[in-house]
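K.L.:
Curious how this folds, go ahead:
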Amino acid sequence: MPILSHSDLLQLKRWNTPTIYNGWEQITKRDSGSEAFNIEETRDFMPQMGPMVGYAVTVVIEPSNKAHREANPNAGNEYRRYIASIPGPKIVIVQDLDKPRVIGSFWGEVNSNIHRALGCVGTITDGAIRDVDEMTNAGFKALARRLCVGHAHVHPVRWNCEVEIFGRTVRPGDLIHADKHGFLVIPPEDQPELLDASRFMDSNECETVIPAARSAAGLPTDQVIANLEASITQFSANVKAKLRRDGEW
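P.N.:
Alright, predicted model coming up:
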């Protein structure tokens, strides 16, 4: 079941993914340098839609292999029932076994509208998408490796499983925050404090280092350096005070 309320998820959409990362690294016990975001480059095909936030639902495909459809012709229906059974908002994480080749796309106008009806807000796939304008019109955001023309023998191979895309492992139920910078994978244990931490870190930047930098025009260099050093010190002190005050992070 979702850990955060729909209201909290909407508030997380107010910030870009790097800002959410800044909050996440304050609360996680994981290595924020190796267990956070996509390692390989991805592309946001709808940057004008802003960030997307949702819970991961997962599927594996192999468009080059028509044997999957012959082995389980009912897989599409079973997969859609799985998607429908999970509370939203959901982001469909698609691992394409054909990569780095692109043989066919799981996504297009039809499939994006179907998944929108099932409570999904977008996808991240290490394969391809097509019908990018029609997907945009459906309100279905996509991060992908590239565009392509056809769908080939695309068929769900397995779903509701751990997948790896763009060098990052994603599990069903992970919280995903994604935009034109890439995507961030937030495990369940880090989700309850994420909004508070992100809000705090953004406010801390806006009240210390950023105004000090923006007020530098016309000042002597020594004064600029002194103001910046003081603001950086205050920024760090605010984080330490927050840690002491709240205990957990």
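K.L.:
helices or strands up against the helix or strand of the chain with the lowest mean pLDDT?
P.N.:
Counting by mean pLDDT, DSSP states H and E, the chain has its least confident helix or strand at helix 221-246, which shows a mean of 88. Packing contacts for helix 221-246, counted by 3 or more Cβ pairs under 8 Å, 6 or more residues apart in numbering; DSSP states H and E, involve helix 194-207, helix 209-214. Backbone N, C-alpha and C define where each C-beta goes, glycine included.
K.L.:
next one: stretch 184-204 to chain centre, how far?
P.N.:
Distance of stretch 184-204 from its chain centroid, counting by Cα atoms, centre = their mean, to the nearest Å, is 13 Å.
K.L.:
now swap in stretch 60-76 and tell me
P.N.:
Put simply, stretch 60-76 sits 27 Å off its chain's centre (Cα atoms, centre = their mean).
K.L.:
what sits up against that stretch?
P.N.:
78, 94-98, 101, 103-106, 127, 151-159, 161, 163 (Cβ atoms under 8 Å, 6 or more residues apart in numbering).
K.L.:
at 7 Å what do you get?
P.N.:
94-98, 103-104, 106, 127, 151-158, 161, 163 (Cβ atoms under 7 Å, 6 or more residues apart in numbering).
K.L.:
Can you measure across it, start residue to end residue?
P.N.:
12 Å (Cα to Cα, to the nearest Å).
K.L.:
Please work out which of the helices and strands packed on helix 221-246 is packed deepest.
P.N.:
Ranked by mean neighbour count under mean count of other Cβ atoms under 10 Å, those are led by helix 194-207, which reaches a mean of 18.
K.L.:
Run a quick check on residue 107 versus residue 123, I expect a contact.
P.N.:
Yes. Assessed by Cβ atoms under 7 Å, residue 107 is found in contact with residue 123 at 6.1 Å.
K.L.:
Next, count neighbours for residue 225.
P.N.:
12 (other Cβ atoms under 10 Å).
K.L.:
Pull the number of nearby residues for residue 45.
P.N.:
Neighbours of residue 45 (other Cβ under 10 Å): 19.
K.L.:
shouldn't it be in contact with residue 133?
P.N.:
No. The pair residue 45 / residue 133 is not scored as a contact, 9.9 Å apart, by Cβ under 7 Å.
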